[in-house]
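Trainee: kindly generate the corresponding structure for this input.
(one chain, ligands or ions: 2)
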Amino acid sequence: MTELTVALLGHGAIGSVIAGALREGHVPGARLVAVVDPATAPAPGLPVVPLATALARAELVVECAGQTALRDTGPSVVAAGRHLLALSTGALADDVLHRRLLAGPGRLSLCAGAVGGLDLLTAAGALAPFDTVTIRTSKSPGSLARPWMTEAETSRLRTTAEPYEVLRAPAREVTRAFPATSNVAASVALAVGDWDLVEAVVVADPGATLSRHEIEATGPAGRYRFEIANLPSPANPRTSGIVPYAALRAIRALAGNPGGVV
Ligand SMILES: NC(=O)C1=CN([C@@H]2O[C@H](COP(=O)(O)OP(=O)(O)OC[C@H]3O[C@@H](n4cnc5c(N)ncnc54)[C@H](O)[C@@H]3O)[C@@H](O)[C@H]2O)C=CC1
Ligand SMILES: O=C([O-])CC(=O)C(=O)O
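Mentor: Residues are numbered from 1 along each chain as shown. Ligands and ions are numbered 1, 2, ... in the order given. Alright, predicted model coming up:
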């Protein structure tokens, strides 16, 4: 079997763990051939290159660089015929971008990242449309600060002693407002195929040592409830530590994965 050549777009909290695992041979059949990140210096064994070089070398490009990066570089990845595995799924709240990324010739795949159960939600939604779908994300207040917040809002995040709802809105709005912490809301909307149905809630919880995602869906197919509580990444408190391992699972599946769960 030929090896799957992999490029990483982003070498932060997620990308550096993926790069380390690929370099150490933890994913048989996959080889790291390029890393694209303006904030990362080349190092022995770490192939930091410009995007054009990455596109010439790799069959699979794993985006773990943020919604802006996916919007700016994703179209050139699929236009070059490369397979794009995206983590910053909230960028697809822009329908025009989503259509461009699906236009090929390269393929677009989405990584479930910090949450699970999306396969079941997609299957249940195919049986019959859902009546209600919600995702409630609770994180430490400091990880939720955003530049658009007023001074009063950031001050409340800094000083709250009790959990409180920071935003409750359709998934499209929430993933735009919290682009580094609510891609999961977009992933749920994409899994059920309905941006308008999915309500997302963001909770600031001063007692949170884990990042919690509670997903509930009801419809003719049944009732679904998933509760996920992830340890935050030591490198980035906004990101769950499990996320690079979800990407590695996806890379393993794309590299062949004999006997794996599909
Ligand atoms: N689907 C999911 O469950 C999750 C998705 N994410 C997404 O993954 C992104 C990355 O997360 P982390 O690694 O924790 O962030 P991070 O901030 O630690 O790392 C991001 C890296 O991307 C680099 N970067 C930015 N723009 C770039 C570009 N145009 N080209 C190449 N590199 C670029 C930065 O220099 C930085 O090193 C988040 O912003 C979020 O959009 C994060 C967590 C969960
Ligand atoms: O890692 C998480 O818990 C979720 C996250 O940041 C995102 O969806 O952007």
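Trainee: check contacts around G81.
Mentor: G104, P105, G106 (Cβ atoms under 8 Å, 6 or more residues apart in numbering). From N, CA and C alone the C-beta is placed, and that goes for glycine too.
Trainee: and it, which helix or strand is it part of?
Mentor: Under the criterion DSSP states H and E, no helix or strand holds G81.
Trainee: for the residue nearest the centre of the chain, give me the pLDDT.
Mentor: In the chain, the centroid-proximal residue (Cα atoms, centre = their mean) is L87; its distance is 3.0 Å. Among the per-residue scores, L87 holds a pLDDT of 98.
Trainee: what's the first helix or strand after the helix or strand where A54 lies?
Mentor: Here A54 sits within helix 51-57, counting by DSSP H and E. Per DSSP H and E, the first helix or strand lying C-terminal to helix 51-57 is strand 60-63.
Trainee: is that next one in proximity to ligand 1?
Mentor: No. Judged by Cβ under 6 Å from any ligand atom, strand 60-63 stays clear of ligand 1, getting no closer than 7.8 Å.
Trainee: near ligand 2, anything from that strand?
Mentor: No. With Cβ under 6 Å from any ligand atom as the criterion, ligand 2 is not reached by strand 60-63; the gap is at least 12.6 Å.
Trainee: who are the packing partners of that strand?
Mentor: strand 4-9, helix 67-79, strand 83-86, helix 243-254 (3 or more Cβ pairs under 8 Å, 6 or more residues apart in numbering; DSSP states H and E).
Trainee: quick one: name the residues of the stretch 151-262 of the chain near ligand 1.
Mentor: So far as Cβ under 6 Å from any ligand atom goes, the stretch 151-262 of the chain lies against ligand 1 at P179, A180, N183, V184, S187, N236, T239, V243.
Trainee: what's the farthest-apart pair in those?
Mentor: Spatially, the most separated pair among these is S187 and N236, at 18.2 Å (Cβ to Cβ).
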